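Undergrad: Model the structure of this input:
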Amino acid sequence: MPRVKKIDHVGIAVRDAEAAVRFYEEALGLAADHYETVPAQGVKVAFLPLGEATLELLEPTGPDTPVGKYLDKRGEGIHHICLEVEGLDELLGELSARGAVIGSGAAAPGAHGSRVGFLHPKATGGVLVELAEKGHEPET
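TA: Numbering: from 1, shown residues only. Sure thing, here's the model as predicted:
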């Protein structure tokens, strides 16, 4: 049975990840511990651990990416909340049947070798929700 394990991270859309990291490090004492580009999502990502969760700063790799379009339309700010789950494929299947999943309902490659799917904000009270299943090798 699929289940939600925890809040994994909060994704924040930014125009300049390096500048955003400097603020979080200098002003709040957080430290970025990992940087990664996720071609499947069109983002450069900086990760700032905070307790059991992480702040994920998302800089688009181009204007036509989902985060690039988000920034154009809404500006910088919270982009999504990510929940770590078990049984992602089964869960996406169930949620697709309800019309809640963005896209085909198939999991896509995410950061840290995870597999991810997104739930439409119309189904979740206005919040883009990412579901992530950890423990998968990154695709090459």
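
Undergrad: Surely K69 is within a helix?
TA: Yes: counting by DSSP: H, G, I helix; E, B strand; the rest coil, K69 is found in a helix.

Undergrad: Test my guess that it contacts P63.
TA: Yes: A contact is recorded between K69 and P63 when judged using C-beta atoms under 8 Å, the distance being 7.4 Å. (C-beta placed from N, C-alpha, C; glycine too.)

Undergrad: Neighbour count for these two, which is higher?
TA: The residue with the greater number of neighbours, taking K69 and P63 and applying other C-beta atoms under 10 Å, is K69; the counts read 14 against 11.

Undergrad: Give me the local confidence score for the more buried one.
TA: You'll see K69 listed with a pLDDT of 97.

Undergrad: Over to E94?
TA: The score at E94 is 92. That number is its pLDDT.

Undergrad: chain center to the helix or strand of the chain with the lowest mean pLDDT, what's the gap?
TA: Among the secondary structure pieces of the chain, namely its helices and strands, strand 108-109 has the lowest mean (mean pLDDT, DSSP states H and E), a mean of 90. Remark: strand 108-109 is offset 11 Å from the chain centroid, using C-alpha atoms, centre = their mean, to the nearest Å.

Undergrad: elements contacting that strand?
TA: The helices and strands touching strand 108-109, judged by 3 or more C-beta pairs under 8 Å, 6 or more residues apart in numbering; DSSP states H and E, are strand 115-119.

Undergrad: Apart from its neighbours in sequence, what residue is nearest L50?
TA: Beyond its immediate neighbours in the sequence, the residue positioned closest to L50 (C-beta to C-beta, 6 or more residues apart in numbering) is L30, lying 6.4 Å away.
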